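> here is a sequence with its predicted model. Questions after.
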Amino acid sequence: MSEAVKIVEVVAGVLLRPNGEFFLSSRPPGKVYAGYWEFPGGKIEPGETPQQALVRELREELGIEVKTAYPWLVQVFTYPHATVRLQFFQITEWDGDPHPHEGQQFSWQMPGATKVEPILPANTPILRGLALPRVMGITHLAAEASPERFLSKLQAALDKGLRLVQLREKQLPAAQLAEWGRELVARCHAAGARVVVNAQAGVARQIGADGLHLPAADLLACTDRPDFPLVGASCHNTLELAHAARLQLDYALLGPVLPTLTHADATPLGWSGFADLLAAGYALPVFALGGLSPAQLQQARQSGGHGVALMRAAWEE
């Protein structure tokens, strides 16, 4: 019988500035992968929680005191020398300025435009996740008396900063969905926002959308990641979350967290249930979904989520 692989437990901190910049440091001389860029952190010592290890490691490595840190992604990666389980935290508040206590180089980078290399390969999904907005707006064109009225609401949301939209109109025939979808994509792209289409891959390609969003049943039927630059899925349990991570999707929606009109018969997870499902750790960002508003973004992040997905609340004027 083969010997079980020993997994080294590690924490890593993603320092974030208000303008979206994130912090990378180079590995110092004498260490494995010296000169590669990474998110600062280190091994969890016996008796430490991940949060305690994060605070200690960043104090020792950078000379800063972590004040606000949100649990985020978990990545298991096998290097030639070791298999590591990296627990990433997003850090939004700290005291002090980072100093190179171990001879590192430092660099602040913008999501989607990283200019330093080489970067440790375990960080690939982390870089993708940093490029995702915190809020997804989910359409309900068919619920409006006039699609033109909804497009007006869409434009208002884009003007206020919405940068990720899911076109979800299960009641509309494909031809009508494509007709409205072209206008929606045009407006979103003009504002720098990305669009994913729920379920209908053909429509997504036809209207020039950025990607595809898989309902849970479609997700479980997939054996390979669909061929789109941006792919996400709706999830409700650990089986679906694990499959989305296995396919290396870009994000998942998890819910319903709170009671919602869209799925009135579903039992809400609550914030504790949402956090419990994410506690297993996944290498993809997870949006909280169901009965939420933008005001609950911080609660979602404290519970291990990346952000919030909103249907009605995304379009309130």
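Here it is on my side, so go on.

> what's the separation between the closest residue to residue 296 other than its chain neighbours and residue 44?
Spatial nearest neighbour of residue 296, chain neighbours left out: residue 308 (6.1 Å); criterion: Cβ to Cβ, 6 or more residues apart in numbering. The C-beta positions use only the backbone N, C-alpha and C, and glycine is treated the same way. Computed as Cβ to Cβ, to the nearest Å, the residue 308 to residue 44 distance reads 29 Å.

> more neighbours: those two, which one.
Each of residue 308 and residue 44 has its neighbours counted (other Cβ atoms under 10 Å); residue 308 has more, 27 against 21.

> now the helix or strand harbouring that one: average pLDDT?
Using DSSP states H and E, residue 308 sits in strand 307-310. Across strand 307-310, the average pLDDT comes to 98.

> which residues are contacting it?
132-138, 166, 253, 255, 285, 287-289, 292-294, 296-297, 300-301 (Cβ atoms under 8 Å, 6 or more residues apart in numbering).

> what does stretch 156-172 give?
Residues contacting stretch 156-172 (Cβ under 8 Å, 6+ apart): 132-133, 135-142, 154, 177, 180-181, 184, 187-188, 191-199, 209, 213, 309, 311, 314-315, 317.

> gap between the nearest residue to residue 304 once chain neighbours are set aside and residue 69?
Among residues not flanking residue 304 along the chain, residue 278 sits closest, at 3.8 Å (Cβ to Cβ, 6+ apart). As for residue 278, its distance to residue 69 is 15 Å (criterion: Cβ to Cβ).

> what do you get for residue 41?
11 Å.

> shared neighbours of those two, anything?
Joint contacts of residue 41 and residue 69 (Cβ under 8 Å, 6+ apart) are 13, 54.

> just for the stretch 151-300 of the chain, where's the confidence low?
Applying pLDDT under 70 to the stretch 151-300 of the chain flags the ranges 264.

> drop anything exposed from the contacts of stretch 156-172.
Applying 16 or more other Cβ atoms under 10 Å to these, the neighbour count classes 132-133, 135-141, 154, 177, 180-181, 184, 187-188, 191, 193-199, 209, 213, 309, 311, 314-315 as buried.

> for this structure, which segments count as helices?
50-62, 124-130, 147-159, 174-190, 201-206, 216-221, 238-246, 270-278, 297-302 (DSSP state H).

> can I get the ones you listed in JSON lines including distance to residue 26?
Output for the helices of the chain, formatted as JSON lines (distance: least, Cβ to Cβ, whole Å):
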{"stretch": "helix 50-62", "distance to residue 26": "12"}
{"stretch": "helix 124-130", "distance to residue 26": "16"}
{"stretch": "helix 147-159", "distance to residue 26": "38"}
{"stretch": "helix 174-190", "distance to residue 26": "36"}
{"stretch": "helix 201-206", "distance to residue 26": "39"}
{"stretch": "helix 216-221", "distance to residue 26": "38"}
{"stretch": "helix 238-246", "distance to residue 26": "28"}
{"stretch": "helix 270-278", "distance to residue 26": "31"}
{"stretch": "helix 297-302", "distance to residue 26": "28"}
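
> number of residues surrounding the closest residue to residue 24 other than its chain neighbours?
If you skip the residues right next to it in sequence, residue 24 has residue 37 as its closest partner in space, 4.6 Å away by Cβ to Cβ, 6+ apart. As a burial measure, residue 37 scores 21 neighbours (other Cβ under 10 Å).

> for residue 37, give me its contacts.
24, 25, 26, 27, 107, 116, 117, 118, 119, 120 are the contacts of residue 37 under Cβ under 8 Å, 6+ apart.

> in the sheet, who's paired with it?
Following DSSP bridges, residue 37 is listed with bridge partners residue 26, residue 119.

> do you know the pLDDT at it?
96.

> what separation do you get for it and residue 174?
Distance from residue 37 to residue 174, by Cβ to Cβ: 45 Å.

> repeat for residue 275
38 Å.

> one more: residue 97?
Counting by Cβ to Cβ - residue 97 and residue 174 are separated by 55 Å.

> could you do residue 211 as well?
In terms of Cβ to Cβ, residue 211 sits 17 Å off from residue 174.

> what does residue 200 give?
Residue 200 is 6 Å from residue 174, by Cβ to Cβ.

> those two: which is more packed in?
Neighbour count, other Cβ under 10 Å: between residue 200 and residue 174, residue 200 has more, with 22 against 12.

> so that one sits against residue 177, correct?
Yes. Assessed by Cβ atoms under 8 Å, residue 200 is found in contact with residue 177 at 6.7 Å.

> leaving out chain neighbours, which residue sits closest to residue 62?
For residue 62, the closest residue by Cβ to Cβ, 6+ apart turns out to be residue 98, at 4.1 Å.
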